[in-house]
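K.L.:
Compute the structure for the input listed below.
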Amino acid sequence: MERTRRRWGPACRLQAAEKTTALRRGSRGSHYEERSHLHDAFTQMTHSLQELAAAQGSFKVAFPDAAEKMKKVIMQLKEVQACIPPCGLQEVARRFRCGGCYSKVCDLPLDCPVQDVTVTRGDQAMFSCVVKFQLPKEEITYSWKFAGGGLRTQDQSYFRDLPRAEGHLARIRPAQPTHRGTFSCVIEHDQRPLARLYFFLNVTGPPPRGETELQVTFREVLRWGPRDAELVEPWRPSLGELLARPDALTPSNLFLLAAVAALASASATLMAWMFFRWYVSAN
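P.N.:
Modelled structure (predicted):
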């Protein structure tokens with residue numbers, strides 16, 4: 001047994017090196033799901049060689065035969081899909097590296113570029129949360145968020161949830177200027193994000209006529225007020241300030257003042273008479 005091993009030791013190591021080189025070369029693009037099939041074939045080959053060693057057989061023929069069988073297995077492995085830019089965690093493109101016994105996924109960002117969507121005011125705005133790569137068939141969820149104020153961003157701290165938006169399609173009708181901003185859709189598989197899509201909505205078109213007139217009036221008020229004032233308070237003049245105005249003592253205003261004075265005098269007389277009667281009845 002030892003003599004056989006010593007005799008075929010260098011040849012065995014050479015054949016194993018050639019087999020390993022072919023294995024590494026053939027499995028560079030192996031699909032990640034094929035790793036179990038490759039592992040089973042390699043384990044079966046190892047057991048066959050161990051049985052041959054126990055029976056003191058010839059490794060000169062066994063090793064080339066085993067390498068040829070492994071080569072056929074490698075050639076039958078499923079080809080891994082290419083990465084589809086520009087974004088997303090693409091599990092279907094995960095590669096299995098047999099040489100280091102590890103897997104590698106596409107080196108792409110999770111955030112997709114912002115897409116511009118322009119609609120006319122009052123029309124419908126629609127967003128489609130769809131990616132170009134293949135998604136898992138089960139446990140896929142979609143969540144929508146919005147960053148308002150006309151903000152164009154991918155910073156998640158600016159977004160708030162839109163709980164009523166469900167599925168891969170979302171729409172807004174009618175679109176208003178308050179909807180101008182960035183909408184975000186997150187695709188998740190088993191609570192693991194696969195991609196984040198962004199849509200910047202720009203609402204164009206003139207506002208209604210009544211709203212235009214109101215805005216013109218509001219701008220006129222702002223132009224009239226002091227520019228350095230932070231808060232414009234309403235004017236509440238005193239009676240003396242009103243009487244000091246040049247146009248205050250008109251006939252109509254004098255009549256109004258006389259009526260107010262008469263009413264005040266009558267009210268005071270009535271109150272005094274009621275107090276007198278209460279005082280007399282009490283005594």
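
K.L.:
Could you verify my assumption that Val105 touches Gln90?
P.N.:
Yes: here Val105 reaches Gln90: they are 6.7 Å apart, a contact under CB atoms under 8 Å. (Glycine included, C-beta is placed from N, CA and C.)

K.L.:
Compare neighbour counts for these two and give me the winner.
P.N.:
Neighbour totals were compared for Val105 and Gln90, and Gln90 leads with 22 against 15 (other CB atoms under 10 Å).

K.L.:
Local confidence estimate at the more buried one?
P.N.:
According to the prediction, Gln90 has pLDDT 92.

K.L.:
Show me which positions of the biggest helix by length in the chain end up buried.
P.N.:
Among all segments of the chain classified by DSSP state H, the helix with the greatest residue count is helix 251-282. Across helix 251-282, burial judged by 16 or more other CB atoms under 10 Å covers no residue at all.

K.L.:
again with stretch 75-91
P.N.:
Leu77, Val80, Gln81, Cys83, Ile84, Cys87, Gly88, Leu89, Gln90, Glu91.

K.L.:
and those residues as TSV, adding distance to Gln44?
P.N.:
Shown next, in TSV, are the buried residues of stretch 75-91 (distance: CB to CB, whole Å):
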residue	distance to Gln44
Leu77	16
Val80	23
Gln81	28
Cys83	32
Ile84	35
Cys87	41
Gly88	37
Leu89	34
Gln90	32
Glu91	28
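
K.L.:
Could you tell me the model confidence score at Ala244?
P.N.:
59.

K.L.:
With the one 5 residues further on instead?
P.N.:
What the model reports for Leu249 is a pLDDT of 61.

K.L.:
low pLDDT regions in this structure?
P.N.:
1-39, 56, 58, 77, 96-102, 207-249, 283 (pLDDT under 70).

K.L.:
how is it carved up into domains?
P.N.:
27-79, 110-204 (the TED database).

K.L.:
Please tabulate the ones you listed in a markdown table, including the columns distance to Met271.
P.N.:
Shown next, in a markdown table, are those (distance: least, CB to CB, whole Å):
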| stretch | distance to Met271 |
| --- | --- |
| domain 27-79 | 97 |
| domain 110-204 | 57 |
